[in-house]
Structure formats: structure tokens, C-alpha cells
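Trainee: got a predicted structure plus its sequence, pasted below:
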Amino acid sequence: MINKATKLFPVWAILLSIVAYAIPSLFIPLKPSLFFLLGLVMFGMGISLRAHDFLRILKSPKPIIFGLLLQFLCMPFFAWGISTWLQLPLALASGMILVGASPGGTASNVICYLAKGNVALSITITTFSTLLAVIAMPALSLLYLGKQVDVPAMKMLMDIVKIIILPVTAGIIVNQLFGRFLSSTKQVFPLISVFAIVLIIAIIVALNQPRLGSIGLLLVGAVALHNALGLFTGYWLPRALGMDRQTCKTLAIEVGMQNSGLAAALAVKYFSPLAALPGALFSLWHNLTGSLLASYWSRAK
């Protein structure tokens, strides 16, 4: 029963997104629960991990370094290339490049967990990319846009601690102390994760409903192509270099899923509300494509 509900993850995500777009008032009041929902899923991930999972990754840092290079070299370049090719207006191009220059999104850890990727690696790359973003985002925005943006460093770091580090650490401690008694409980957490991420997507859709209604097909194509290139490059480039399939799945999700909420906020602050549209659309799109990939990869042999 749990496996069947988990496999229908993309269906639930799309259906609830339609409901959220049609009746946003149902989900907008749930905005304060976003941090709690992500924290709950992170705790569930922690229960499936042990401290030595992270130590093993840190002893072989090649996938971490490779993931960070793909994140900050490929994604902003793809955004610039797509914007130039499609001749997007300057405001939309600025928003695209800010999305490309963003660190990995926290939802990537949830998608990686559901896709049966390397969760410890995913969390490590998200944390390091967020730390690097404090320097990388201003530098990349200056390089591609000719304008430097101030990244809210302390807020980002506190969010990472509250949403990822603390709940995962709590889960690891619980697993270390009581893991042998929690085998049945662990089986329920994938279903809880599915419920949480579907609800998160619906809340994102509801919050961005006014802006999503004004998005044209050209921008939809640009965002879809940007996300697809991130997922494709993140999987096949490390695969060509001989990395194992689980690592490649993880890198694809980390590279293809950006902290687009941060990009949208910076776009409004430094450019215009129009520049926030790529970030708003990316927030929805990468969760839907991530859900589809997670569903496929969780079943693939």
C-alpha cells in the first residue's frame, strides 16, 4: 500500500498543483508550515542515515567537488546561453541567470531520498553550495549581468542549519540509539516525504499563482530547457567519467534543482518583479520534474 502511494507521487503532485492554481486560498494559509514540512522530511532522512555515511563521503570528496563545479559553472552558463538564444527580454534573462547562479535547493534532498540516491552526498553538496553561494552568486551576477547582488548570507546559513542540519542530526542520533527498534517506522517515512513534498509544491503554486498566470510559453520553454540541461549534464557527465549510478542520480538532482526561491527574492530586490518570474516558474517546474524522476528511479532496476 505504501509503495503504491509512493509510486503515484507525480500524479498527486500534478493534481494538487492544479487544485492550488484554481483555489490558491486553500493553500496560502499553509505558508508558515513550509519549514516544518521540510524539517520533518529531513528528520526522516536522518533516521535512515548514520554518521559514518557522511565521514565516508568526506574521505572521498571527488563527487562533492564535481557537483559544485557543475552547479556553479554549467547552470549559469546554460541560463545565459538559453536567454541569448531565445532573445529573452533583459529582465527575464536576469532572472534566468540568477536561478542558474543559485545554490542547490533544499527540496533536492527530499527528491534524492525518494529517488534512492545518496542522501548523505546530496545533503553535503547542498550545504557546501549554499556556503559557496555567498561568494559565487555576487561574482556570477557581476560576470553575466554586470551588476553585483548582495546575498543574504546569514539568513541562508541559518535556514540550512534549521531546515537541514538540525533535523538530520536529530534523526541520525535517534537511529544510532534506537535504530533496531524503528524498522517499521522507517518504512512509513517515504510516504510522509511524498505527502510533504506534494503539499510543498501546492503551497508554492498557490503563493505564485498571480505571477504564474502572466508567464508566456517562451519563458516556460526556457525554464524547462534550463532544468533539463541541468538534470542531463548532472547525470551523464559523471556517468561518462565512471561514477556509479547512485552518485550520478544524486548529482543530477543537485545540479538540476536550484534554490529558485532565493533567485526570485534577489530578482525583485535588484531588478524588477518581472525578473522574478523565472524563479517562480522554476520553483514549480523543478519539483514536478524531480517528482517524475524520483518516481522513475525508485522503480528502475
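Mentor: It's in. Numbers count the residues shown, from 1 in each chain.

Trainee: helix, strand or coil for Pro29?
Mentor: Here Pro29 is recorded as helix under DSSP: H, G, I helix; E, B strand; the rest coil.

Trainee: and Leu88, what is it in contact with?
Mentor: By CB atoms under 8 Å, 6 or more residues apart in numbering, the contact list for Leu88 reads 82, 96, 218-219, 222. (Each C-beta comes from the backbone N, C-alpha and C, glycine too.)

Trainee: closest to Ala136 out of the residues you listed?
Mentor: Met96 (16.3 Å; CB to CB).

Trainee: can I assume the closest one is in contact with Ala79?
Mentor: Yes: under the criterion of CB atoms under 8 Å, Met96 makes contact with Ala79 at 4.3 Å.

Trainee: who touches both of those two?
Mentor: His226.

Trainee: before we move on, back to that, out of the contacts of Leu88, what pair is the most spread apart?
Mentor: Of all pairs in the contacts of Leu88, the most separated under CB to CB is Met96 and Leu218 at 11.4 Å.

Trainee: list buried residues within the contacts of Leu88.
Mentor: Among the contacts of Leu88, those classed as buried by neighbour count (16 or more other CB atoms under 10 Å) are 82, 96, 219, 222.

Trainee: name the helices or strands packed onto whichever strand or helix holds the last one?
Mentor: Under the criterion DSSP states H and E, the helix or strand holding Ala222 is helix 217-240. Helices and strands touching helix 217-240, as assessed by 3 or more CB pairs under 8 Å, 6 or more residues apart in numbering; DSSP states H and E, comprise helix 62-69, helix 75-85, helix 90-101, helix 245-256, helix 277-299.

Trainee: dump the first one to PDB, restricted to CA.
Mentor: Output in PDB follows, covering the C-alpha atoms of helix 62-69 (Å, rounded to 0.1, in the frame of the first residue of the first chain):
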ATOM      1  CA  LYS A  62      35.500  13.900  -5.700                       C
ATOM      2  CA  PRO A  63      31.700  13.700  -6.200                       C
ATOM      3  CA  ILE A  64      31.300  16.800  -3.900                       C
ATOM      4  CA  ILE A  65      33.800  18.900  -5.900                       C
ATOM      5  CA  PHE A  66      32.400  17.700  -9.200                       C
ATOM      6  CA  GLY A  67      28.800  18.500  -8.100                       C
ATOM      7  CA  LEU A  68      29.800  22.000  -7.000                       C
ATOM      8  CA  LEU A  69      31.700  22.700 -10.300                       C
END
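
Trainee: pull out the buried positions in it.
Mentor: Here helix 62-69 shows 63-64, 66-68 as buried, counting by 16+ other CB under 10 Å.

Trainee: spit out the contact partners of the closest residue to Gln209 other than its chain neighbours.
Mentor: Excluding the flanking residues, the one nearest Gln209 by CB to CB, 6 or more residues apart in numbering is Pro24, at 4.4 Å. Applying CB under 8 Å, 6+ apart, we find Pro24 in contact with 205-207, 209.

Trainee: which of those lies closest to Ala170?
Mentor: Leu207 (28.0 Å).

Trainee: quick revisit: the helices and strands packed on helix 217-240 into CSV, with extra columns for distance to Gly171 and mean pLDDT?
Mentor: Converted to CSV, those look like this (distance: least, CB to CB, whole Å; pLDDT from 0 to 100):
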stretch, distance to Gly171, mean pLDDT
helix 62-69, 21, 92
helix 75-85, 29, 95
helix 90-101, 30, 90
helix 245-256, 18, 93
helix 277-299, 19, 84
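
Trainee: next, count neighbours for Leu131.
Mentor: Neighbour count of Leu131, defined by other CB atoms under 10 Å: 16.

Trainee: next one: it from Ile125, what distance?
Mentor: 11 Å (CB to CB, to the nearest Å).
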